[in-house]
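**Q** show me the folded form of this:
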Amino acid sequence: MKINPIKGGITAVKGITAAGISCGIKKTGKKDLALVRSNPPAVAAGVFTTNIVVASSVRVCRENLSRSEKAQAIIANSGNANACTGEQGLENTVEIIRLAAASLGVPPESVLIASTGIIGVQLPMECFRKGIPDLAGRLHEEGGSEAAQAVMTTDLVPKECAVEYEFRGKKITVGGMAKGSGMIQPDMATMLAFIASDISIEKKLLQKVLKEAVDVSFNRITVDGETSTNDMVVCLANGLAGNSEIREEGEELDAFRWALETVCLDLAKAIVRDGEGATKFIEIRVTGTGTDSEAERIARRIANSMLVKTAFFGKDPNWGRILAAAGTAGVAFDPDGSELFFEDVKIMEKGCPSADVDKASLKKIMEQKEINVLLRVGRGEGTASIFTTDLSHGYVRINAEYTT
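**A** Residues are numbered from 1 along each chain as shown. Okay, here's the model as predicted:
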C-alpha cells in the first residue's frame, strides 16, 4: 500500500469545510477564530494535556466527547487561552459552544472547542458573539488554510498535511492542521491539532489508533520542556469513503493507522521546525537499550538539555554535554561501550573522543539547519527518537516579552 501526500490540509477530506476570520481577539487584526465542520456528523476521538491545570476548553471538550458518539464541529480561537479564568471562563466556553451550535444548527454536545494564547485573561465575548455567525457563514471546502492561520500564536507559518491511500477499492483521505511553536514538551505540549478522515471506524478503535499516533509523533517533540494547559489532538472520521465500518484489528486498521501516524508525524515535525526562535531542527535517536521506553527517556533527556540546545545554536559539537545528559536519564548503560554520531561522523566512541574525526565534515554538519544525532549505548533492541530544536536568543526574547 502506498500513502500519497496531497494538497488541502484538513479540507482535503470529503465532507469537511472550514473557515478562519479575525473577530477582534488579537489587536493586530490577524485571524484569531477558526471553525471546522463535518457534514455528515463524524465519529470523534481526542487526546489531551496531562497537565492537572487545564483550561475550561479542555474540560468541556472532554465532556462532549464522552457524552456524544459523534461530533459535527470544532471551534478554536487564538490570542487567549481562557485558562485559569474561573467560573466566568467556564461560562464563556459554554456560551461559545452554544453560539456555534446555533449558527450551524447542530446540538451543542456535538461541538468541540479549543483555545490558545495568554493564560489568566477573560475572553472578549462580544468578539465571539459577533464573529461566530459570520464565521459559520464563511465555511467552504478550501477553508483549511484560513483555519490553520486563525489558530496561530507565536507560530511563523500555518501547519497543514493531507494524505490519501487506497484499500480494497476505497480511497481513504486523512488531513489535518496544527499550531504550536513554544511551550512544547511530550505529554501534549502547547499545541492544538485537528485531524479528519473520511474513513468509517468504530469510536473505540479511533480513540486507540489516535492515542498510538500521538505517542509516536506529538509526544516525541520538545522545544523547551514545557507542557501547557490547553493542549489537544482531536480526530473526526465521517465515513464518506464508503468502506465498511472498521470494528476490529486487521490489515484495514493497520493501513489507516499508518496514514494517521504519517499525518501526525508531519504536523509534529512542522511544530518543531517552527519552534520559537529555532534555527535548527534536531533528531536525537538513541539505540541499544533494553526497551524502547528506556531509549526514549535518554533521548528526551538529551533533547531537553539547555546545555545541549545552546551548543547546537552556537554550532559547537560539544559531545560531552550529550553524554552527560544521557547519564542523568535514569537508565543504566555503559558509557565506555557507547558511540555518538553527528550525521555519519563518529564523534565519540568507548566514552572518549574519536581519534580520526573529519573536522571539516563536522563543521559543515554543524552549519546545517537539520541535524541527525545518533547515540548507541549498547546492543539491546530498544530504540527511540525525539525531535527538538536549538535554544537561541530569539526564544528568550519571545518568552521574556510574551504578555507585555
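
**Q** quick check: mean pLDDT of whichever helix in the chain runs longest?
**A** If you go by DSSP state H, the chain has its longest helix at helix 251-273. Along helix 251-273, the predicted confidence averages to a pLDDT of 96.

**Q** check the offset of that helix from the chain's centre.
**A** 11 Å (C-alpha atoms, centre = their mean, to the nearest Å).

**Q** how about stretch 367-382 as CSV, C-alpha atoms only?
**A** What follows is the C-alpha trace of stretch 367-382 in CSV, where atoms were taken according to Å, rounded to 0.1, in the frame of the first residue of the first chain:
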residue,chain,number,x,y,z
GLU,A,367,26.1,24.6,9.9
GLN,A,368,23.1,22.6,8.7
LYS,A,369,19.6,23.6,9.6
GLU,A,370,18.7,20.0,10.2
ILE,A,371,21.0,17.6,12.1
ASN,A,372,20.6,13.9,13.0
VAL,A,373,22.3,12.7,16.2
LEU,A,374,22.6,9.0,17.0
LEU,A,375,23.7,7.7,20.4
ARG,A,376,24.4,3.9,20.6
VAL,A,377,24.5,2.9,24.2
GLY,A,378,24.7,-0.9,23.9
ARG,A,379,23.5,-3.9,22.0
GLY,A,380,19.9,-4.0,23.1
GLU,A,381,16.9,-3.7,20.7
GLY,A,382,15.4,-0.6,22.3
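
**Q** quick one: buried residues of it?
**A** 371-378, 380, 382 (16 or more other C-beta atoms under 10 Å). Every C-beta, even on glycine, is put in place using the N, C-alpha and C of the backbone.

**Q** what is the nearest of those to Ala268?
**A** Closest approach between the buried residues of stretch 367-382 and Ala268, by C-beta to C-beta: Asn372, at 16.3 Å.

**Q** so that closest one makes contact with Arg285?
**A** Yes: in terms of C-beta atoms under 8 Å, Asn372 counts as a neighbour of Arg285; the distance is 6.9 Å.

**Q** C-terminal to the longest helix of the chain, what's the next element?
**A** Using DSSP states H and E, the helix or strand that follows helix 251-273 in sequence is strand 281-289.

**Q** for that following strand, packing partners?
**A** Secondary-structure packing of strand 281-289 (3 or more C-beta pairs under 8 Å, 6 or more residues apart in numbering; DSSP states H and E): helix 251-273, helix 292-303, strand 370-376, strand 382-389.

**Q** can you lay out these as JSON lines showing distance to Leu104?
**A** Output for those, formatted as JSON lines (distance: least, C-beta to C-beta, whole Å):
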{"stretch": "helix 251-273", "distance to Leu104": "25"}
{"stretch": "helix 292-303", "distance to Leu104": "41"}
{"stretch": "strand 370-376", "distance to Leu104": "42"}
{"stretch": "strand 382-389", "distance to Leu104": "36"}
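
**Q** please, where are all the helices along the stretch 51-200 of the chain?
**A** For the stretch 51-200 of the chain, helices defined by DSSP state H, counting those that start in this stretch occupy the ranges 56-67, 86-104, 125-137, 144-150.

**Q** deepest-packed of those, please.
**A** Among those, judged by mean count of other C-beta atoms under 10 Å, the one packed with the most neighbours on average is helix 144-150 (a mean of 25).

**Q** gap between the residue of the chain positioned farthest from its centre and Met348?
**A** When distances are taken from the C-alpha mean of the chain, Ala355 lies farthest, 40.3 Å away, according to C-alpha atoms, centre = their mean. Distance of Ala355 to Met348, computed by C-beta to C-beta, to the nearest Å: 11 Å.

**Q** cool, and Val308?
**A** Val308 sits at a distance of 14 Å from Met348 (criterion: C-beta to C-beta).

**Q** those two: which is more packed in?
**A** Summary of the neighbour comparison: Val308 and Met348, criterion other C-beta atoms under 10 Å, with Val308 having more neighbours (24 against 21).

**Q** so the closest residue to that one other than its chain neighbours is in which element?
**A** The shortest distance from Val308 to any residue other than its chain neighbours is 4.9 Å, reached at Arg321 (C-beta to C-beta, 6 or more residues apart in numbering). According to DSSP H and E, Arg321 maps onto helix 319-326.

**Q** after that helix comes which helix or strand?
**A** Proceeding C-terminally, helix 319-326 gives way to strand 339-342 as the next helix or strand, assigned by DSSP H and E.

**Q** so which residues make contact with that next one?
**A** The list of residues contacting strand 339-342 from outside it, by C-beta atoms under 8 Å, 6 or more residues apart in numbering, reads 317, 319, 322-323, 346-350, 362, 365-366, 371-376.

**Q** give the buried residues for it.
**A** Using 16+ other C-beta under 10 Å as the test for burial, strand 339-342 gives 339-342.

**Q** average pLDDT for the next helix or strand after it?
**A** Sequence order places strand 345-349 as the next helix or strand after strand 339-342, per DSSP H and E. Mean pLDDT, taken over the full extent of strand 345-349, equals 94.

**Q** partner strands of strand 345-349, with direction?
**A** When sheet partners are counted by DSSP bridges, strand 345-349 sits next to strand 339-342 (antiparallel), strand 352-353 (antiparallel).

**Q** run the angle between that strand and helix 319-326 for me.
**A** Using axes from the mean of the first three to the mean of the last three C-alpha atoms, to 10 degrees, the interaxial angle of strand 345-349 with respect to helix 319-326 works out to 60 degrees.

**Q** okay, strand 345-349 in PDB with CA atoms only?
**A** Taking Å, rounded to 0.1, in the frame of the first residue of the first chain, the C-alpha atoms of strand 345-349 are listed here in PDB:
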ATOM      1  CA  VAL A 345      30.600  11.300  11.500                       C
ATOM      2  CA  LYS A 346      31.500   9.300  14.600                       C
ATOM      3  CA  ILE A 347      32.400  11.900  17.100                       C
ATOM      4  CA  MET A 348      32.700   9.700  20.200                       C
ATOM      5  CA  GLU A 349      33.500   6.000  20.900                       C
END
